[in-house]
Structures are given as C-alpha cells and as structure tokens.
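Chemist: Got a sequence here, can you build the structure:
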Amino acid sequence: MTDPSQLDETPPAATMDGEDAAAGGHIAVAVDEPERPHTRPRRPGRYALYVIVAVVLVGVGALLPGLVGRAPGEGSVDAGFVRDMSEHHAQAVQMAMVAYRHGATPEVRGLALDIGLGQEREVGVMAAWLRDWGLPSVSGAAPMLWMHDDGAATADGVHTGHGQRDGTAAGGQVVRMPGMATEQELAQLASATGRSVDIAFLNLMIRHHEGGIAMAQDASRYAGEKKVRHLARAMVVVQAGEITAMRAELRRLAAFT
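Modeler: Residues are numbered from 1 along each chain as shown. Predicted coordinates for the structure are as follows:
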C-alpha cells in the first residue's frame, strides 16, 4: 500500500466533476452548498493536475461498459465497497462541516469545504449505482467483509480488517472501518474552539483519509465493475493530495502556536 506521506507535495483536489457522468448523469445530491469563505487558500499550479486526473479516471469509467452479464450482487466487492465507503464518506462530511463552520483559519475552512462537498458528491454517485444494481443502500452484514487485504488492529485495539456477520472480527473484537473516528473523538471535535478545531480536524481527517485510501486501493484491485475500480483509483489520488495539504497546514499552524 502506498504511503501517502511519500507522495509529492501536492495540494488537494477540491471536487471530482466526473462523478455525475460515472453514475449515468442522474444524480441529485441533497446538499445545500454553503457559502465559501471570502478568503481561500492559495492553490499552486499542480492542483489543476489532480482535478484533471480525477475527472479522467472517473469519466473513462463512465464510458466503459457498466454491466457485463449480471449486475454486482450481495457479497460482491463492488457492493461491499460502495456501501462501506458511503458510510466512511458520511463521517468525513460530518467532520468537514464542523471544521467549515467553526474553524479558526480560512485555509482550514477551505480544505474542509472541499472535502465535504467532494465526498458528498461521491456518496450520490455510489447511491445511484446501488439503485441501478437493484441493491439496498444498507446491509445487515458486518463492514469490511469484501476486503482482500488484511487490516490491522488500531491503537485502541479495534480490528479494521475482515469482519464476520455478527459485526466482530475473528478474535471477537468490534469491527470498525479503517480511519473512522470514535464517538468520543467526534464529540471532542464538536466542542473544540478556535485553533483547537483546526488541529483536531486535520489530525482526524488525515487518519480518516489514510483508512479510506486503504479501502479504495483494495477496491481498485478487486472490484468487478470497471467504473467502481476507476472511482476507487480517483479516490486514492484525490485523498492523497488532500493528506499532503492537511499535513502542510498542520506544520503551518504549529509555527504560529
């Protein structure tokens, strides 16, 4: 698995304009786009490259045959990844909106807005795919059953790899998707003020993106649908760039602490 910290210092991709095409052009995302901050972080030239890569990856996926034979079914990598990543994205959007509303610096608020809007659009794309496949948006199965690459226990002992149908790992541990924040961490973020919001958000979202990249890399290898593999690859590119930007912002904040 690629370590995002080893990638070039590249700013984040704000959104992915190709998602609607990837879903067949009929996505209606139920999100009110909040007013952007008046002061936005300066974007170096490489930012455009990340956007282009993401759009091309997803757009090409939309042009490829979506269904070969039967649609993905229950137990497929495609369905498992789409459902789990939708839930994973939903938490990212939740954290991003806290940082956008209450963050102390325009740079962090801008990053949070980019992440929230981009991941909300991807949730809409994946929801449309599940409808097209005739599958419900949620499943009674434990998360991460679809992953091929074994996960590892987190620092707090929660397993993040394969789960069982009762929601536990083989050793009886509760399964949580990689990078997900705990309820306690979410509460701490919601109650933080000033620069503490910025720092808490950046640390939580970096870990969240690292977990999302692990999930997307697995789906990019093993999903049966080409459009799912292309979206997963685009997620890796975009989230790696966002991690680079967030780490740079943490260093900047530390310099003024």
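
Chemist: C-alpha from now on. contacts and neighbour counts both.
Modeler: Fine.

Chemist: For the chain, which segments count as helices?
Modeler: Assigned by DSSP state H, the helices in the chain fall at 19-22, 46-63, 77-102, 106-132, 183-191, 195-222, 226-255.

Chemist: in the stretch 101-250 of the chain, which segments are predicted with low confidence?
Modeler: 149-175 (pLDDT under 70).

Chemist: go with 50
Modeler: The model of the stretch 101-250 of the chain has pLDDT under 50 over residues 151-170, 172.

Chemist: still on that earlier bit, out of the helices of the chain, which is closest to residue 71?
Modeler: The minimum distance between residue 71 and those falls on helix 106-132, with 8.3 Å, by Cα to Cα.

Chemist: picking up where we left off before, switch the helices of the chain over to TSV, and while doing so, append mean neighbour count and distance to residue 177 to every line.
Modeler: Output for those, formatted as TSV (neighbours: other Cα atoms under 10 Å; distance: least, Cα to Cα, whole Å):
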stretch	mean neighbour count	distance to residue 177
helix 19-22	24	23
helix 46-63	19	24
helix 77-102	22	7
helix 106-132	22	16
helix 183-191	14	14
helix 195-222	22	7
helix 226-255	21	16
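
Chemist: for these, which one sits closest to residue 141?
Modeler: From these, taking Cα to Cα, the stretch that ends up closest is helix 77-102, at 9.1 Å.

Chemist: What is that closest one packed up against?
Modeler: helix 106-132, helix 183-191, helix 195-222 (3 or more Cα pairs under 8 Å, 6 or more residues apart in numbering; DSSP states H and E).

Chemist: Including distance to residue 235, could the ones you listed go into CSV?
Modeler: Output for the helices and strands packed on helix 77-102, formatted as CSV (distance: least, Cα to Cα, whole Å):
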stretch, distance to residue 235
helix 106-132, 9
helix 183-191, 23
helix 195-222, 7
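
Chemist: Mind checking these for the one nearest to residue 253?
Modeler: helix 195-222 (7.8 Å).

Chemist: Summarise which helices and strands that closest one is packed against.
Modeler: helix 77-102, helix 183-191, helix 226-255.

Chemist: Export those helices as CSV, with columns for distance to residue 219.
Modeler: Below are the helices and strands packed on helix 195-222 laid out as CSV (distance: least, Cα to Cα, whole Å):
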stretch, distance to residue 219
helix 77-102, 7
helix 183-191, 27
helix 226-255, 6
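
Chemist: so residue 99 sits right up against residue 197, yeah?
Modeler: Yes: counting by Cα atoms under 8 Å, residue 197 is a contact partner of residue 99 at 6.4 Å.

Chemist: Could you say which one of the helices of the chain comes nearest to residue 143?
Modeler: With Cα to Cα as the measure, helix 77-102 is the member of the helices of the chain nearest residue 143 (6.4 Å).

Chemist: how big is the angle separating the closest one from helix 183-191?
Modeler: Angle, helix 77-102 to helix 183-191, by axes from the mean of the first three to the mean of the last three Cα atoms, to 10 degrees: 30 degrees.

Chemist: Taking their axis directions, helix 77-102 and helix 106-132 sit at what angle?
Modeler: If you take the same axes, to 10 degrees, helix 77-102 sits at 150 degrees to helix 106-132.

Chemist: The nearest residue to residue 239 once chain neighbours are set aside: what's it in contact with?
Modeler: Nearest non-adjacent residue to residue 239, counting by Cα to Cα, 6 or more residues apart in numbering: residue 209, 6.0 Å away. Each residue near residue 209 by Cα atoms under 8 Å, 6 or more residues apart in numbering is listed here: 179, 239, 240, 243.

Chemist: how about a cut-off of 10 Å?
Modeler: Contact analysis of residue 209 by Cα atoms under 10 Å, 6 or more residues apart in numbering lists 4, 88-89, 92, 178-180, 215, 235-236, 238-240, 242-243.
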